[in-house]
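Peer 1: Structural data only, the sequence is not supplied:
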């Protein structure tokens, strides 16, 4: 029996506009990794021609949708940062995915990942998220990046964020009341936290920020 050779296709910055160009129009069972950053892709149509993908990077393109990903049942790592995606779709079918980067898009809601039970790393920084959605079912999630959004309330963190989170970024959001951050005490494993550049820190003594950090550290 011949052992299958697993291949990586690196085609970043080549002016590619369609995935069928990458596959040659045929199904590529042998390819487990595709890196197609900095091209001119505005659709993921044709991604089904790579059914064995474990890693996919299509950063810095022109994507507006991501639902075509639902066919990639073996995918572990996904990087779609710096596109124009406004809604998370297709991820719920990816039971193996562990790392997802969607930073720098136009996403408005943290929804569409409820069945990603193996997800450990989620980057939603620099999007248009204004409120916290329910991520409590993501029991393996350890890193959650939410800086550069428009979140104003953290009241539901204790209910909607899994206690497994160890690293959380909330800087550059719209939190005006510093007491909102007390909700983070429910994250018992939290060891890394970034909260600066929220409106509430423009009017308080920075010593309070230090005190809050020490309090959170003591609760982990």
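Peer 2: Perfect, thanks for sending it. Every value quoted in this text rests on a predicted model; they were computed, and no experiment measured them. Numbers count the residues shown, from 1 in each chain.

Peer 1: Where do the strands of the protein begin and end?
Peer 2: Read by DSSP state E, the chain holds these strands, from start to end of the chain: 7-10, 31-35, 55-57, 77-79, 99-101, 121-123, 143-145, 167-169, 192-194.

Peer 1: between those, which one is nearest to residue 71?
Peer 2: For the strands of the chain, the distance to residue 71 is smallest for strand 55-57, at 11.5 Å, taking Cβ to Cβ. Quick note: C-beta positions are derived from backbone N, CA and C, even for glycine.

Peer 1: same for that closest one, what does it pack against?
Peer 2: strand 31-35, strand 77-79 (3 or more Cβ pairs under 8 Å, 6 or more residues apart in numbering; DSSP states H and E).

Peer 1: Quick check: the gap between residue 46 and residue 73.
Peer 2: When Cβ to Cβ, to the nearest Å is applied, the distance between residue 46 and residue 73 equals 17 Å.

Peer 1: So between those two, which is more surrounded?
Peer 2: Taking neighbours as other Cβ atoms under 10 Å, residue 46 and residue 73 compare with residue 46 leading, 16 against 13.

Peer 1: these two touch, right, that one and residue 23?
Peer 2: Yes: in this structure, residue 46 sits in contact with residue 23. The criterion is Cβ atoms under 8 Å, and the distance is 6.7 Å.

Peer 1: Flag the shaky bits of the protein, pLDDT-wise.
Peer 2: When residues are selected by pLDDT under 70, those of the chain lie in 1-5, 203-220.

Peer 1: Please enumerate the helices of it.
Peer 2: In order along the chain, the chain carries the following helices (DSSP state H): 19-23, 157-160, 206-219.

Peer 1: List just the one of the strands of the chain that sits closest to residue 108.
Peer 2: Closest approach to residue 108 among these (Cβ to Cβ): strand 121-123, 15.7 Å.

Peer 1: on that earlier part again, out of the strands of the chain, which is closest to residue 183?
Peer 2: Ranking those by their distance to residue 183 (criterion: Cβ to Cβ) puts strand 167-169 first, at 11.4 Å.

Peer 1: Against which helices or strands is that closest one packed?
Peer 2: Packed against strand 167-169, as judged by 3+ Cβ pairs under 8 Å, 6+ apart, are the following elements: strand 143-145, strand 192-194.

Peer 1: Quickly compare these and say which is most buried.
Peer 2: For these, the largest average neighbour count (mean count of other Cβ atoms under 10 Å) is found in strand 143-145, namely a mean of 20.

Peer 1: could you say what helices and strands it packs with?
Peer 2: Counting contacts by 3+ Cβ pairs under 8 Å, 6+ apart, the secondary-structure elements packed against strand 143-145 are strand 121-123, strand 167-169.

Peer 1: got JSON lines for the ones you listed, with distance to residue 60 and mean neighbour count too?
Peer 2: Compiled in JSON lines, these are given as follows (distance: least, Cβ to Cβ, whole Å; neighbours: other Cβ atoms under 10 Å):
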{"stretch": "strand 121-123", "distance to residue 60": "14", "mean neighbour count": "21"}
{"stretch": "strand 167-169", "distance to residue 60": "21", "mean neighbour count": "19"}
